[in-house]
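Visitor: give me a model of this one.
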Amino acid sequence: MRFSVLASGSSGNAIYIENDQHSFLVDAGLSGRKMEELFATIGKKMNNLDGILVTHEHSDHIKGLGIVARKHKVPIYANAKTWQAMDGLVGAIPVEQRFHFDMDTVKSFGSLDIESFAVSHDAADPMFYVFHENGRKLALITDTGYVSDRMKGIIQASDAFVFESNHDVGMLQMGRYPWSVKRRILSDVGHVSNEDAAVAMSEVMAEKPTRIYLSHLSKDNNMKDLARMSVEQTLQTKGIIVGEYVDLLDTDANVPTELVVV
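Guide: Below you'll find the model as predicted:
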């Protein structure tokens, strides 16, 4: 199993996952042209996709979905409420490309098992995914106001995480956003902060080599260096030393991460 975070942030999100038989995209939150560029950067083609898995209907996750689906005839998977919420946002999707992926279920594609689970976000029915293959595990979790015990149980002991580290609380509180937006971000249906993300990470990591990709950073209320420093310091207070068996890695809004093996 291999993956690349193609783009991550408030301007657009997309994650590519493949094994030797299948390939999937989680979200298509950038323009069709930009999605093509990102795929080319990692040496892949969109017409080889077996499906696009949708997490929720916010524009930074579905902006290019309709264009990509129609151009490349890619199957689209989403739960019923998300399909309903996307109506009018992604254009017409042919019925033969519309598939339901219910919450809290597992779909199997050969040796690759994809598990869906609920998160806490202000969308119709938001959910993220854990990919399993041959005892290896990749967990994707962003766009959640908090990480519940149930979420932690599902993502526990993954070999790699794409984990939201959205904002620095101080930067957000002192920033230019109106209070209504700040309150939304800080709420239980908003986004997790650097520190809260690190606490959750400390509770789900196993003592084995683990890669953590800090994702969905706010361009106004966070910085890569700050996120890494905050997460590393918080993990250290929990007895987890970055560099021993845990690696913290950046994601970017425009540049894909290296395609790596889980």
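Visitor: and the helices in the stretch 101-250 of the chain?
Guide: Counting by DSSP state H, counting those that start in this stretch, the stretch 101-250 of the chain has helices at residues 149-155, 169-174, 179-186, 194-204, 224-237.
Visitor: quick one: the ones you listed as a markdown table, columns for mean pLDDT too.
Guide: Converted to a markdown table, the helices of the stretch 101-250 of the chain look like this (pLDDT from 0 to 100):
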| stretch | mean pLDDT |
| --- | --- |
| helix 149-155 | 98 |
| helix 169-174 | 96 |
| helix 179-186 | 96 |
| helix 194-204 | 98 |
| helix 224-237 | 97 |
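Visitor: of those, which stretch is the most buried?
Guide: Highest mean neighbour count of the helices of the stretch 101-250 of the chain: helix 194-204, a mean of 21 (counted as mean count of other C-beta atoms under 10 Å). C-beta coordinates here come from the backbone N, C-alpha and C atoms, glycine included.
Visitor: how far off helix 224-237 does that helix point, in degrees?
Guide: Between the axes of helix 194-204 and helix 224-237, defined by axes from the mean of the first three to the mean of the last three C-alpha atoms, to 10 degrees, the angle is 40 degrees.
Visitor: contacts for helix 194-204, please.
Guide: With contacts defined as C-beta atoms under 8 Å, 6 or more residues apart in numbering, helix 194-204 is touched by 139, 146-147, 152, 155-158, 161, 163-169, 192, 212, 214, 222, 226-227, 230-235, 238, 240.
Visitor: swap the cut-off to 6 Å and go again
Guide: Helix 194-204 is contacted from outside by 147, 152, 155-156, 163-165, 168, 227, 230-231, 234-235, 238, 240, using C-beta atoms under 6 Å, 6 or more residues apart in numbering.
Visitor: so which of those is the closest to F117?
Guide: F117 has its nearest neighbour among the contacts of helix 194-204 in I155, at 7.9 Å by C-beta to C-beta.
Visitor: quick check: the closest one touching A139?
Guide: Yes: proximity of I155 to A139 meets the contact threshold set by C-beta atoms under 6 Å, at 3.8 Å.
Visitor: would you mark the buried spots in whichever strand or helix holds K34?
Guide: Assigned by DSSP states H and E, K34 belongs to helix 32-41. For helix 32-41, the neighbour count (16 or more other C-beta atoms under 10 Å) marks G32, K34, M35, E36, L38, F39 as buried.
Visitor: other SSEs contacting that helix?
Guide: helix 65-72 (3 or more C-beta pairs under 6 Å, 6 or more residues apart in numbering; DSSP states H and E).
Visitor: swap in 8 Å and give it another go.
Guide: For helix 32-41, the elements it packs on are strand 2-7, strand 14-18, helix 65-72, judged by 3 or more C-beta pairs under 8 Å, 6 or more residues apart in numbering; DSSP states H and E.
Visitor: so what touches the longest one?
Guide: In this case it means helix 65-72. By C-beta under 8 Å, 6+ apart, helix 65-72 touches 25, 27-28, 31-32, 35, 46-47, 49, 52, 54, 74, 76, 86, 89-94, 97.
Visitor: just the first one next, same as before
Guide: With contacts defined as C-beta under 8 Å, 6+ apart, strand 2-7 is touched by 13-19, 25, 29-30, 34-35, 38-39, 42, 131, 138, 160, 162, 213, 215, 251-254, 256-262.
Visitor: returning to what we had before: in TSV: the helices and strands packed on helix 32-41, plus mean pLDDT, distance to D196 and mean neighbour count.
Guide: Listed next are the helices and strands packed on helix 32-41 as TSV, based on pLDDT from 0 to 100; distance: least, C-beta to C-beta, whole Å; neighbours: other C-beta atoms under 10 Å:
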stretch	mean pLDDT	distance to D196	mean neighbour count
strand 2-7	98	20	25
strand 14-18	98	21	24
helix 65-72	96	29	20
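Visitor: picking that back up, can you list the buried residues of helix 32-41 in CSV and add distance to P178 and pLDDT?
Guide: As requested, the buried residues of helix 32-41 are arranged in CSV below (distance: C-beta to C-beta, whole Å; pLDDT from 0 to 100):
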residue, distance to P178, pLDDT
G32, 32, 95
K34, 29, 97
M35, 31, 96
E36, 36, 96
L38, 32, 97
F39, 37, 97
